[in-house]
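Participant: Build me a model:
(2 chains)
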Amino acid sequence: MSYIALNTAATGMSAASISLDVTANNIANANTTGFKSSRANFEDLFYQEFAQPGLPAGNAVQRPTGLYVGLGTQISGTQLNFEQGPAQPGGTYDMMIEGDGFFQLQVPADVGEGIGYTRAGNFTLNSEGAIVLANSPGYRLQPEIQIPENAQDINISQDGIVSGNVPGQIDAVEFGQITLVRFVNPSGLKSVGNNVYIPTLSSGEPLEGEPTLDGLGGIRQAFLEASNVDPVTELVTLIKTQRTFEMNSQVIQASSETLRNITNLRG
Amino acid sequence: MNYGFHLASAGVVTGMRRLDTIANNLANAQTVGFKADFLNLEARRAENLENGGLYHDANKALDALGGGTLFKPSGIDLRQGTLRQTGRNLDVALEGEGFFLVQNPGPAGTRDAFVTRAGELARDRNNRLALAGSGALIQGVDGLPITLDPEDPNLVIDADGRVFQSDNEVGQLAVVRPANIANLRKEGRDLMRVLGGGTVAAPGNTAVKQGALEESTVDPIAALSDLVKVSRGIEFSTRLMQYQDQMTGRLVDVFGRFA
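Facilitator: Numbers count the residues shown, from 1 in each chain, chains lettered A, B, ... in the order given. Predicted coordinates:
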């Protein structure tokens, strides 16, 4: 029945519209610090068997292969792309991870057991002098680092040591050590918004370490990692997705026409 | 009932099935590694001849008429798809004949091999290479999944499918083709099953390309022109059925009346 074609084309349209949503989010976040683009992966659905191989084909021969008709497509998942984003200059507390790794943040306890992970390094100080992410909830960097009120010339080294000058002391004072974490399968992380990711079963456990060691990247102070959304790729995807959507709507029209012809058979 | 009525209805039935196939192809126009299906038709012989009867001169007109249309077995168009660069180190594409071998995702006891051309890979939480969508494990040449070093983020896959992490070879992707190409059966979820006959190594010139994906082989121009052809074909066949029906109706009207 051409209901199959109708439904198949509908799966094509709904998958294309999910893909469009993913692309829209990517483009909307083309200027979001530390944003990682996603892509929607398509996969084919099941196949309906109309004739098995080896069955008599009607004219005294056997079918060498069968007759299968596919039932459409679906989005098998979205994959995060953790490619490094370009560097852009920032302020004193802005940090960029050059290479693999995530900053750790204290997030509400009901989100990912209280610890979230981010690539966005747009940090600042809160009223208590703690280093916090300059996003709307102001999540605290973990392990927590407190900067004294009178500290000057804050320096963050490549391996994550935060130091500065305090009046009355000749040598620079160390305020803390930033540690990073890494995941075996970062594509398996879950985005919870506010630039924050939380681990899942498929991402694996966070592996903590000091920057520049154990495969972790180094920290660059006064730089920000820009969004890794590539506008050209996104626009090409947008065009392809829109056309796929249109083509599938053509199939819907054709099968609807077919059904109308059949319904009107007994005209 | 009129013979022609059945011939025309065979046209509608086969046309609708072809429409289904076109719909599936177009729905998968963006599925990585997807191979388009094709469904061909053949002329059916006259019923008498099909049943092994002889060709009767006396009944020439009807015996030579043919029996309408019939499906030929469906096939898979295994043409190479265009490679699209993605730059992701876990995207792989095959250039040339062959498939990636996937660990059997079926219930225990299923011995058929499963293969795919969709190279969107991911590390699973046990550090093994798997298909990003279905999570099916990629099989190495040694018949085992490829386990990566969790400490090492580097990953290079060469043209022979050997997987390196900082100069250590951690495995080699098995690239195979079915012993008999006709035994391929699509299973959905990017997988194809090899029904019996087993697999053999792919030809040596098949190259694995890291950082690229193979696009779907669905040709939108051909698919849309087929769509027009098939839907018009169905329209003609239904029109013919209507004519046959009107004729029979007239027959009943004119001759079927008893005075």
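
Participant: For the stretch 1-150 of chain B, which segments count as strands?
Facilitator: All strands of the stretch 1-150 of chain B, identified by DSSP state E, counting those that start in this stretch, fall at B:37-38, B:41-43, B:69-71, B:75-76, B:83-85, B:92-95, B:99-102, B:113-116, B:121-123, B:129-131.

Participant: for the ones you listed, which one sits closest to residue A:162?
Facilitator: For those, proximity to residue A:162 was assessed by CB to CB; strand B:121-123 is nearest, at 32.1 Å. (C-beta placed from N, C-alpha, C; glycine too.)

Participant: Tell me if that closest one is near chain A.
Facilitator: Yes - for a cut-off given as CB under 8 Å from any CB of the partner chain, strand B:121-123 has contacts with chain A, namely B:122-123.

Participant: Would you format the strands of the stretch 1-150 of chain B as JSON lines with distance to residue A:162 included?
Facilitator: Output for those, formatted as JSON lines (distance: least, CB to CB, whole Å):
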{"stretch": "strand B:37-38", "distance to residue A:162": "60"}
{"stretch": "strand B:41-43", "distance to residue A:162": "74"}
{"stretch": "strand B:69-71", "distance to residue A:162": "72"}
{"stretch": "strand B:75-76", "distance to residue A:162": "59"}
{"stretch": "strand B:83-85", "distance to residue A:162": "40"}
{"stretch": "strand B:92-95", "distance to residue A:162": "41"}
{"stretch": "strand B:99-102", "distance to residue A:162": "47"}
{"stretch": "strand B:113-116", "distance to residue A:162": "48"}
{"stretch": "strand B:121-123", "distance to residue A:162": "32"}
{"stretch": "strand B:129-131", "distance to residue A:162": "38"}
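
Participant: could the ones you listed be laid out in a markdown table, adding mean pLDDT and mean neighbour count?
Facilitator: Rendered in a markdown table, the data for the strands of the stretch 1-150 of chain B read as follows (pLDDT from 0 to 100; neighbours: other CB atoms under 10 Å in any protein chain shown):
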| stretch | mean pLDDT | mean neighbour count |
| --- | --- | --- |
| strand B:37-38 | 89 | 19 |
| strand B:41-43 | 81 | 13 |
| strand B:69-71 | 80 | 19 |
| strand B:75-76 | 87 | 18 |
| strand B:83-85 | 92 | 14 |
| strand B:92-95 | 95 | 24 |
| strand B:99-102 | 94 | 25 |
| strand B:113-116 | 90 | 24 |
| strand B:121-123 | 89 | 23 |
| strand B:129-131 | 91 | 25 |
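
Participant: out of these, nearest to residue B:24?
Facilitator: Taking CB to CB as the criterion, residue B:24 comes closest to strand B:37-38 out of the strands of the stretch 1-150 of chain B, the separation being 6.5 Å.

Participant: neighbours around the residue of the stretch 51-200 of chain B found nearest chain A, how many?
Facilitator: Checking the stretch 51-200 of chain B residue by residue against chain A with CB to the nearest CB singles out residue B:133 as nearest, at 2.9 Å. The local packing of residue B:133 (other CB atoms under 10 Å in any protein chain shown) involves 23 other residues.

Participant: buried residues in stretch A:22-38?
Facilitator: The neighbour-count check on stretch A:22-38 (16 or more other CB atoms under 10 Å in any protein chain shown) flags A:22-23, A:25-26, A:29, A:32-38 as buried.

Participant: name the helices or strands packed onto the lengthiest helix in chain B?
Facilitator: Taking residue count as the measure and DSSP state H as the definition, the longest helix of chain B comes out as helix B:220-255. Judged by 3 or more CB pairs under 8 Å, 6 or more residues apart in numbering or on different chains; DSSP states H and E, the packing partners of helix B:220-255 are helix A:231-263, helix B:3-27.

Participant: can you pull the buried residues of the first one?
Facilitator: For helix A:231-263, the neighbour count (16+ other CB under 10 Å) marks A:233-234, A:237-238, A:240-241, A:244-245, A:247-252, A:254-255, A:258-259, A:261-262 as buried.
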